[in-house]
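A.B. asks: below are the sequence and a predicted model for it; my questions follow.
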Amino acid sequence: MNYQSIMHIKKELQGQNAIKLLFLFILLLICLDKTQAQTKYFLLEDTSKNYKVHQVTMSAKELYGIDAKVECFNILYDGYALDKKAFKKGYDQNLILFSVLPDLEGKETWKEIALDSIQKSIIKFGTLNNLFESHTYSLFFNKYGNKTKFLNEYKIIVNRKGKFYVPTTCLLQFYAIRNRAEIFTNPFGTINTDLHEISIKEVEKIYMDRYPYSEFPLYGIGESPYRIISFDRLRDRREYLSKKINLKTGEIGYQFWTFTDWYEHSHNYELERGIDRFLYTPGKGIIGGSFDFYFYFNRKKLPIKYMDFLNNIKEEKVMMGDDFK
């Protein structure tokens, strides 16, 4: 083989490598574009004819042992009611909750963003309301699955002194506020302040009497998803009213806990737990809560241990908004 033949082969190989590199570059751009397209944004208005907003900031120090903040943005608006008197009293309201969780990787929880760069991904309030209806059993003709919450698929945009910011980690979930007698059903995602009060430990006793060879669903934190449990996730999930608290503002806080299990693998978030224990007050929304699904997943970055998480559940501990302590 002479020199010219060797150079010819070299050029062909270089050309092939260039094509491969170009192909990989295009594939990377497509993947990045799809990743960006997956996230939708909602620009929060300070004043809107469609909804009212109440923001709450709570410290994670006491519950999770870390000097970090959780910010909750309650979007409240009237729900559909055939009874117009009930409608005027605000018995039926809808609650869209955006929870901004702290970035535990040491980065910024909020980052500045140019609206022009995400203009095509910004959704209107009507889209949020459609999401609410699709994930709160509001449409009788709809088929409902296991998923009711979204992590980083939808993010809130806030305006701070003329600059726009989006959170690094954002949880979106929904609640139908339906205050009425206990004879009515209270499906998953319902806040009902007229329920009878019952604690986690009381339900645990009833559950274990019925399923003595099973495990109480709330205590399965960190357990294998392949274990045998007697929990019908779609049928049994719901929120229970646990107690009423007199707040320093003179308002009444209603503390709820979510009856659901731990079923994901350790490398996944237990996303459907959401804000699994929470404090609600009429007119303002959720003013306190716990996010065990998030902090337990990131437990290696925290000073608390497994038993601390389990005790927090059993004792129904929550963070509380700074203004309500």
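C.D. replies: In hand now; what should we look at? Numbering: from 1, shown residues only.
A.B. asks: and stretch 142-162, what's buried?
C.D. replies: By neighbour count with 16 or more other C-beta atoms under 10 Å, stretch 142-162 contains the buried residues 148-151, 154-158. From N, CA and C alone the C-beta is placed, and that goes for glycine too.
A.B. asks: which residues of the stretch 1-150 of the chain fall in strands?
C.D. replies: For the stretch 1-150 of the chain, the strands defined by DSSP state E, counting those that start in this stretch cover 40-43, 52-59, 69-78, 92-101, 110-112, 122-123, 150-151.
A.B. asks: for the protein, give me the ranges with low pLDDT.
C.D. replies: Regions of the chain meeting the criterion pLDDT under 70 cover residues 1-37, 80-91.
A.B. asks: change it to 50
C.D. replies: Low-confidence regions of the chain, defined here as pLDDT under 50, cover residues 29-36.
A.B. asks: re the thing from before, inside helices: which ones of the buried residues of stretch 142-162?
C.D. replies: In helices, defined here by DSSP state H, there are no members of the buried residues of stretch 142-162.
A.B. asks: in CSV, list the residues you listed along with distance to residue 311.
C.D. replies: What follows is the buried residues of stretch 142-162, written out as CSV (distance: C-beta to C-beta, whole Å):
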residue, distance to residue 311
148, 27
149, 25
150, 29
151, 26
154, 33
155, 33
156, 32
157, 37
158, 35
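A.B. asks: closest one of those residues to residue 66?
C.D. replies: Within the buried residues of stretch 142-162, distances to residue 66 taken as C-beta to C-beta reach their minimum at residue 151, with 19.2 Å.
A.B. asks: spit out the contact partners of that closest one.
C.D. replies: Remark: with contacts taken as C-beta atoms under 8 Å, 6 or more residues apart in numbering, residue 151 is in contact with 169-172, 269, 271.
A.B. asks: so it bridges to which residues?
C.D. replies: The residues paired with residue 151 through beta bridges, assigned by DSSP bridges, are residue 171.
A.B. asks: how much space between it and residue 140?
C.D. replies: When C-beta to C-beta, to the nearest Å is applied, the distance between residue 151 and residue 140 equals 28 Å.
A.B. asks: which of the helices or strands spans residue 208?
C.D. replies: Of the helices and strands defined by DSSP states H and E, residue 208 is found in helix 200-210.
A.B. asks: which outside residues touch the next helix or strand after that helix?
C.D. replies: Per DSSP H and E, helix 200-210 leads on to helix 233-236 as the next helix or strand towards the C-terminus. Counting contacts by C-beta under 8 Å, 6+ apart, the residues outside helix 233-236 that touch it are 144, 146, 259-261, 263.
A.B. asks: in CSV: those, plus distance to residue 62.
C.D. replies: What follows is the contacts of helix 233-236, written out as CSV (distance: C-beta to C-beta, whole Å):
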residue, distance to residue 62
144, 36
146, 32
259, 24
260, 24
261, 26
263, 28
